[in-house]
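Visitor: A structural model of the following input is requested.
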Amino acid sequence: MDTEQTVSTFIDFFHDRGHRHLTGDTLVRPPGDSVLFTTSGMHPLTPYLLGRPHPLGQRLTSRQRCLRTTDLDEIGDGTHLTVFEMLGSWSLGDYEGPQSLRWGHELLTGGFGLDPELLHATVFGGDSQTGEDTGSLRTWQELGVPVEPTVEDNWWSNGPTGPCGPDSEIFLWTGDGPPQGTPTTDPRWVEIWNHVTMRYHRGEDGGLRPLSRPSVDTGMGLDRLTMLLQGKRSVFDTDTFHPWMTALPPLWGLSDESSLRLVVDHLRSALVVIGDGVLPSNTGRGYVLRRLTRRALTTLWRDDPSRTVADLPPELIEHTRRRFRQTAGVQQVHTVLLDEQQRFRRLLERGRQVLRGSRFSGPLRDEDFGYLHDTHGLPRDLVTTLLRERD
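Guide: All right, here's what the predicted structure looks like:
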């Protein structure tokens, strides 16, 4: 089952159960939103999870592209991505958590064909403020799925205040032999789907107030799901990344797996951000784009400064444009990348010249980093990279 078949199986399953498909999927948040980019499938639905009626009704499903910068240091392993897609389903005051779990089990074992013997679940075990999630616990027991109660790992919140509630996570065994242990004791149990029952609103005083209309919010990472369904060890081994992982190693001689994955992730993410109308800048969304592009270029130039994004095959840009359903032209996106590369080359040369000065011959202090940033436009991470290059 390739990525698009995976998506259609998910969307069709919930459509047949009365869920309306949300089509808005841009990364860019509307004016007034405190977050620069969409970070999860539920993000655009926050007002409706708090009680506002949704124009499409109480049952919804979506395929939402997301961007997170919190895991940038993890990029290069087998599961983390900067830009990714989430599959989600929602009950806005309609059915409750146990029904969501039963449908989840049905889709995973029937629609996706996963072996039910390889599933494990976790549920909220209760704390000093609220009791155990007995509804979810009984549901998994009725379905014959092993279940493990936890506390912190199975309580979802959107921050220190706001909507929150117990969640139940579904895991798949990825080990070579029979399942062993539990999700909290063996890392070969990989989380694939999270079902949150939003029952409360946490106030400024830390207290919990029951919501007048509890909702259910589920989220599943598309790339991770596809990886598991295709029996791969890494998201970079799936059909989505096949064109990138095939084209870039011979193009730039990238043999180190971690570096290759970082370049693929960051350049691909940059293409998606540009495709959603963002341009590089020193603040806000543009700075995130600039950081992604320059991290990729720094990795590319570490072994060979002659490497250039001018060589990036147009087919990869077109593949990414189609994958994320974007309208920006290939040449338009390519031009933005090339312009940013030229700016970065000029900034690197200026930085090298400045750092040759006697003032910076020894260890740098915080005030030195501040001066280099404010006077010469050299951010701390770039200065650190140039110092390593010099040494």
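Visitor: all strands of the stretch 1-150 of the chain, in order?
Guide: Here the stretch 1-150 of the chain has its strands, by DSSP state E, counting those that start in this stretch, at 20-22, 59-67, 83-91, 119-124, 147-150.
Visitor: wait, which of the ones you listed is closest to P53?
Guide: Nearest of the strands of the stretch 1-150 of the chain to P53, taken as Cβ to Cβ: strand 59-67 at 12.0 Å. For glycine as for every other residue, the C-beta is placed from the backbone atoms N, C-alpha and C.
Visitor: partners of that closest one, with directions?
Guide: strand 20-22 (parallel), strand 83-91 (antiparallel) (DSSP bridges).
Visitor: Throw these into TSV and include mean neighbour count and distance to L119, thanks.
Guide: Output for those, formatted as TSV (neighbours: other Cβ atoms under 10 Å; distance: least, Cβ to Cβ, whole Å):
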stretch	mean neighbour count	distance to L119
strand 20-22	16	26
strand 83-91	24	17
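Visitor: possible to save these as TSV with mean pLDDT?
Guide: TSV is the format used below for these (pLDDT from 0 to 100):
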stretch	mean pLDDT
strand 20-22	95
strand 83-91	96
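Visitor: dump those to a markdown table, plus distance to H376.
Guide: Below are these laid out as a markdown table (distance: least, Cβ to Cβ, whole Å):
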| stretch | distance to H376 |
| --- | --- |
| strand 20-22 | 46 |
| strand 83-91 | 31 |
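Visitor: low-scoring pLDDT stretches of the protein, where are they?
Guide: 24, 391 (pLDDT under 70).
Visitor: who does the spatially most central residue of it bridge with?
Guide: Nearest to the geometric centre of the chain sits F84, at 4.7 Å (Cα atoms, centre = their mean). Legend: beta-bridge partners of F84 under DSSP bridges are C66.
Visitor: identify the residues contacting it.
Guide: 65-66, 68, 221-223 (Cβ atoms under 8 Å, 6 or more residues apart in numbering).
Visitor: what's the closest of these to D16?
Guide: Nearest to D16 among the contacts of F84, with distances taken as Cβ to Cβ, is L222, at 19.6 Å.
Visitor: and the gap between the closest one and H80?
Guide: 14 Å (Cβ to Cβ, to the nearest Å).
Visitor: returning to what we had before: for P163, find the nearest of the strands paired with strand 59-67.
Guide: That would be, of the strands paired with strand 59-67 and by Cβ to Cβ, strand 83-91, which comes in at 12.4 Å.
Visitor: rewinding a little: among the contacts of F84, which pair sits farthest apart?
Guide: R68 and L222 (14.1 Å).
Visitor: and those two? which has more neighbours close in?
Guide: The neighbour comparison of R68 against L222 (other Cβ atoms under 10 Å) goes to L222, with 23 against 15.
Visitor: which ones are touching that one?
Guide: Counting by Cβ under 8 Å, 6+ apart, the residues that L222 touches are 3, 6-7, 63, 84-87.
Visitor: how close does it sit to S40?
Guide: From L222 over to S40 (counting by Cβ to Cβ), the distance is 13 Å.
Visitor: now the common contact residues for the two.
Guide: M86.
Visitor: list the helices and strands the biggest helix by length in the chain packs on?
Guide: Scanning the chain for the longest helix, with DSSP state H as the assignment, gives helix 330-355. For helix 330-355, the elements it packs on are helix 257-275, helix 284-301, helix 314-323, helix 366-376, helix 380-390, judged by 3 or more Cβ pairs under 8 Å, 6 or more residues apart in numbering; DSSP states H and E.
Visitor: now mean neighbour count and distance to V151 too, for those helices, in CSV please.
Guide: Output for those, formatted as CSV (neighbours: other Cβ under 10 Å; distance: least, Cβ to Cβ, whole Å):
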stretch, mean neighbour count, distance to V151
helix 257-275, 23, 33
helix 284-301, 21, 34
helix 314-323, 17, 39
helix 366-376, 13, 40
helix 380-390, 15, 37
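Visitor: let's have these in TSV, adding distance to S215.
Guide: Shown next, in TSV, are the helices and strands packed on helix 330-355 (distance: least, Cβ to Cβ, whole Å):
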stretch	distance to S215
helix 257-275	29
helix 284-301	29
helix 314-323	30
helix 366-376	44
helix 380-390	40
